[in-house]
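*Asks:* Model the structure of this input:
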Amino acid sequence: MSSSTTYTSTYTLDKREDWQAWFLVVQNKALRAKVWKYVDPSVENPPALPKLPISPTPSNINSDAKTYYNLNPDKIQRYNVLQNTYRNEVAIYNQIQLPLNSIYNYILFTVSKRNLVYKKLSELYRPLTTEKQINT
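*Replies:* The predicted structure follows:
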């Protein structure tokens with residue numbers, strides 16, 4: 001018989017004293033998800049976030065084709081290659097975006113309401129860089 005234990009750490013960022021513990025949780029989540037380079041506040045120019053790929057359509061292969069059934073066998077093969085490439089690009093996008101969304105939600109739910117009032121949501125996406133920036 002096996003048992004599993006789930007540990008949940010939630011630190012609310014409310015005062016200066018909360019910064020270190022809160023920041024370590026955010027950093028740990030990002031490192032484990034391999035997205036720290038997108039969240040690291042010490043990086044001046046973080047890498048660009050991936051954009052959601054655009055799904056191919058039959059008209060990408062043949063401008064007259066409205067549906068898959070309007071393609072000839074050669075064009076169908078090319079369309080299938082485009083579809084596979086698209087699926088791979090979506091998988092790569094999700095490997096980055098889903099953990100970032102999770103971290104973003106953690107930040108939103110663990111920063112006290114009084115601090116949220118003072119910070120724009122876009123600034124919350126990347127944690128604050130110094131304790132001095134936290135409002136008391």
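*Asks:* low-scoring stretches of the protein, by residue?
*Replies:* In the predicted model of the chain, residues 1-9, 116-136 satisfy pLDDT under 70.
*Asks:* show me where it has helices.
*Replies:* 19-32, 36-39, 58-61, 73-110, 113-116, 121-124 (DSSP state H).
*Asks:* among the ones you listed, which is the most enclosed?
*Replies:* helix 36-39 (a mean of 18; mean count of other C-beta atoms under 10 Å). C-beta here means a position set from N, CA and C on the backbone, and glycine is covered the same way.
*Asks:* That one packs against which elements?
*Replies:* helix 19-32, helix 73-110 (3 or more C-beta pairs under 8 Å, 6 or more residues apart in numbering; DSSP states H and E).
*Asks:* Dump these to JSON lines, plus distance to Asn45.
*Replies:* Converted to JSON lines, the helices and strands packed on helix 36-39 look like this (distance: least, C-beta to C-beta, whole Å):
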{"stretch": "helix 19-32", "distance to Asn45": "17"}
{"stretch": "helix 73-110", "distance to Asn45": "17"}
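*Asks:* Can you say which of those is nearest to Tyr38?
*Replies:* Among these, the nearest to Tyr38 by C-beta to C-beta is helix 73-110 (6.1 Å).
*Asks:* now the angle from that closest one to helix 19-32?
*Replies:* 170 degrees (axes from the mean of the first three to the mean of the last three C-alpha atoms, to 10 degrees).
*Asks:* other SSEs contacting helix 73-110?
*Replies:* helix 19-32, helix 36-39, helix 58-61, helix 121-124.
*Asks:* For Asp74, which of these is the nearest?
*Replies:* Closest among the helices and strands packed on helix 73-110, using C-beta to C-beta: helix 58-61, at 9.3 Å.
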